[in-house]
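**Q** Got a sequence here, can you model it:
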Amino acid sequence: QQTKMAFFIGVAFLVSAVSAAQPQNCSIISSPGHCFHNPSKRVGSISTTSLDECCQSCEQKMDCVSFSFSPSDKMCTYFSNLDNATIVPGSSGCLAGVSGAKQPPAPRGDKPNIVFLVVESTDGRTWSKGYQNDVVPLPNIRKLQDGGLEFHRHYANAPVCCPSRATFWSGRHASNIPHDHNGVFVKGAWNNYEGLPLNYTDRMDQVLQREGYNTMISGKTDWSVGGHSMNVRLNAWTMYTQFPYSIPKAGGWADENGCTDKGTVLPGGGMKNKSAHAGDWNTADQTTTWIGQADEKVPWFAYQGMNIVHPPYNTNEYWYNKIDPSKIEVPAWQPLEQLHPCDLQSSMLKGCTPSEEDAPGFYNMSRRLNVRRIYYAMIAEFDAMVGQYMDAVESKGVWNTTVFIVTSDHGDMQMERQQFYKMVPYEASASVPMVIYDGRPDKKIMSRVIETPSQLIDIFPTVMEFAQIPQSQWPAGLEGKSMLPLFNETNPKSRPDFVVSQFHGDNIAMSWFLVAKTGVTVPNGKNTSNFKLIIWGTGKEVPSMLFDLGSDPTESVNLYYNKDYSDIVADMTKDLESVVDYPSVALNVAQYGRDMFVNWMNTTGPSWKDIIHAKGLRWDDSWNYDPQGAMDAIDAWLKQPVQVLPCRANLSWPAPKTIN
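**A** Numbering: from 1, shown residues only. Now for the predicted structure:
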């Protein structure tokens, strides 16, 4: 899938990402035909495509107070003040303006520096001590855990790349990120094509900038609407289109590819040399260099989003040999006929249900083991990247004034339930690891494992409190809760005892919602445990699920329909409803898919019928299994009332009209 990569330093963009944002607080103060002319206060220039972009780039540059834009040569010029500037006639139709007010750098005080690292696709259990016989060497993460908070029940609020980042950079649930997209009003970050609106100004880093922090944003950002591939949007919009398929004959209908790959191990290499993830290392080099050069008198915030651990599963021999295959536990698979219908559909849509002809190699246990070995090798390599940041902070001499927050955007099924990738509500996909370490001497604590559920949107208010930003300056609508009380209490009353996650498109066949809750009294009345409730769609279409994660960590025993657990189901359903009106959201997502698809048809024109199955799209082979049946399924979906349809449990559906 496509990713968004960017560097942001302080409040200035290092790449041409300004074109993706809208003007904020700039004022145009001259009539056309005039520009500022103040050479002694000129602080730079940049080529831009429009006045709006020039305005925005000045707003993002800390030392820019006024600007001029020349349409004839597309040049934006920055000035450091306004008082002594003069406006002179120009022949190019220039316009001049003033950027919004900027806060001066904040006084150091006790405000910590913050290192925020977000790795890709990491199962929330993999950093826990003892996981898989301690198969993954994590010396650097262990050092942070040994003096900080280690989170064992931490969840992505929408376990897919863009929606997940949109939630934790805004502090809002995915169902509460409204925006306009191509003329369609969208109520939330429903899939990888939806995220924060392009003119959003209350991201975590933007608030920190306004309050005087120097910031460095590097690596994978991927939090805004409009990203990712044509595959992503078409897959999501047509979630309730009942395409024809046959798993035995053709492997079913696959929206994704890569699940049947064995993974790649590059020959030789070292910790960084000939790494399969050189881009992440290069970004880490640049960002840690920035840390080394940062002004010690001003608090700073350094973020890197890594691509490593995201499929495809790739590593080199150096990291591959760090993983002892004898320690790896290989997941067993149920027969496809016994899977929950939504699990069957996700396995199929992810391309994890090969045809009978291709099945022998895929179902080989050694293949599963090798994929897991490469996956763990990538996690071990990420730990080394964390170590580079720790070394940079120590070398700078600011370990005692720096906070580390290290987590992942979502998990990866790593072959459990016959799946890879994320997108589903199980622990491997929806839970993510996290450690928070505060290096300030008066804030140090003994290592503490947090079993109380937490969520990625909790990071936003936690950072606000670390940075000592008054709540009056926090954005409205934050839904996360600060995790700072967990430094002093195991179960603080200021935090809820449950969290909510959801997802609505890409490699799934229905919207789903989950609630993870702690301290739930089990029916015998003597013990408490952590429970998870999973509801698909409106709750009426397919069986819901309830798991006791304490006694059933593999989520194998569904207690939802056991009458002894009816009170737990009722209480956790109320918890879910307190956050999201899930039946209404499920129906709204179904309507959204229809509206966006029709909008795409209308803007594309008659050629949409060719483009929808163009060669190179990931579902092209599936489409070719029964082209007329696929197009008939689209027509039937467009004609029927908008509805939430149940996941299909059939291995073939329906009998194909033609087979190529």
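**Q** rest of the way, CA atoms for contacts and neighbours
**A** Noted.
**Q** can you list the weak-confidence ranges in the stretch 101-250 of the chain?
**A** 101-107 (pLDDT under 70).
**Q** Recalculate using a threshold of 80.
**A** Filtered on pLDDT under 80, the stretch 101-250 of the chain yields the residue ranges 101-108.
**Q** need the strands for it, in chain order.
**A** 113-119, 149-151, 154-155, 179-181, 184-186, 214-219, 245-246 (DSSP state E, counting those that start in this stretch).
**Q** Adding distance to T315, write those out as JSON lines.
**A** Shown next, in JSON lines, are these (distance: least, C-alpha to C-alpha, whole Å):
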{"stretch": "strand 113-119", "distance to T315": "15"}
{"stretch": "strand 149-151", "distance to T315": "27"}
{"stretch": "strand 154-155", "distance to T315": "26"}
{"stretch": "strand 179-181", "distance to T315": "38"}
{"stretch": "strand 184-186", "distance to T315": "39"}
{"stretch": "strand 214-219", "distance to T315": "19"}
{"stretch": "strand 245-246", "distance to T315": "34"}
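**Q** any chance of the ones you listed in TSV, with distance to S622 and mean neighbour count too?
**A** Formatted as TSV, those follow (distance: least, C-alpha to C-alpha, whole Å; neighbours: other C-alpha atoms under 10 Å):
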stretch	distance to S622	mean neighbour count
strand 113-119	32	24
strand 149-151	41	25
strand 154-155	33	30
strand 179-181	29	17
strand 184-186	29	16
strand 214-219	34	24
strand 245-246	7	24
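**Q** Nearest to Q455, out of those?
**A** strand 154-155 (4.6 Å; C-alpha to C-alpha).
**Q** List the residues that contact Y131.
**A** R125 (C-alpha atoms under 8 Å, 6 or more residues apart in numbering).
**Q** Please name the nearest non-neighbouring residue to F498.
**A** Excluding the flanking residues, the one nearest F498 by C-alpha to C-alpha, 6 or more residues apart in numbering is K517, at 4.1 Å.
**Q** So the one you found lies in a helix, does it not?
**A** No - K517 is assigned strand when assessed by DSSP: H, G, I helix; E, B strand; the rest coil, not a helix.
**Q** picking that back up, out of the strands of the stretch 101-250 of the chain, flag the one nearest A166.
**A** Of all these, strand 179-181 comes closest under C-alpha to C-alpha, at 11.9 Å.
**Q** Note down every partner strand of that closest one and its orientation.
**A** strand 184-186 (antiparallel) (DSSP bridges).
**Q** if I read this right, I114 contacts V406, doesn't it?
**A** No - applying C-alpha atoms under 8 Å as the test, I114 and V406 come out as separate, 10.5 Å apart.
**Q** Would you mark the buried spots in the host helix or strand of N602?
**A** For N602, the host element (DSSP states H and E) is helix 582-604. For helix 582-604, the neighbour count (16 or more other C-alpha atoms under 10 Å) marks 582-583, 585-597 as buried.
**Q** show me the contacts for P475.
**A** Counting by C-alpha under 8 Å, 6+ apart, P475 makes contact with D202.
**Q** And the pLDDT at it?
**A** As predicted, P475 sits at a pLDDT of 96.
**Q** Model confidence for the residue lying closest to P470 once chain neighbours are set aside, exactly?
**A** Spatial nearest neighbour of P470, excluding adjacent residues (C-alpha to C-alpha, 6+ apart): M464 at 8.0 Å. Per-residue confidence at M464 stands at 98 (pLDDT).
**Q** Would you mind confirming that W281 is in contact with K272?
**A** Yes - here W281 reaches K272: they are 7.0 Å apart, a contact under C-alpha under 8 Å.
**Q** In terms of neighbours, single out the busier of those two.
**A** W281 (22 against 18; other C-alpha atoms under 10 Å).
**Q** residues contacting that one?
**A** So W281 contacts 272, 385 (C-alpha under 8 Å, 6+ apart).
**Q** where exactly do the strands run in the stretch 351-500 of the chain?
**A** For the stretch 351-500 of the chain, the strands defined by DSSP E, counting those that start in this stretch cover 402-408, 434-438, 448-450, 454-455, 498-503.
**Q** per-residue confidence for the spatially closest residue to P485 that is not a sequence neighbour?
**A** Leaving aside its sequence neighbours, P485 sits nearest to P492 (C-alpha to C-alpha, 6+ apart; 6.3 Å). Note on P492: pLDDT of 82.
**Q** Could you report the distance from P492 to D202?
**A** P492 sits 27 Å away from D202, taking C-alpha to C-alpha, to the nearest Å as the criterion.
**Q** Fine by me, thanks again.
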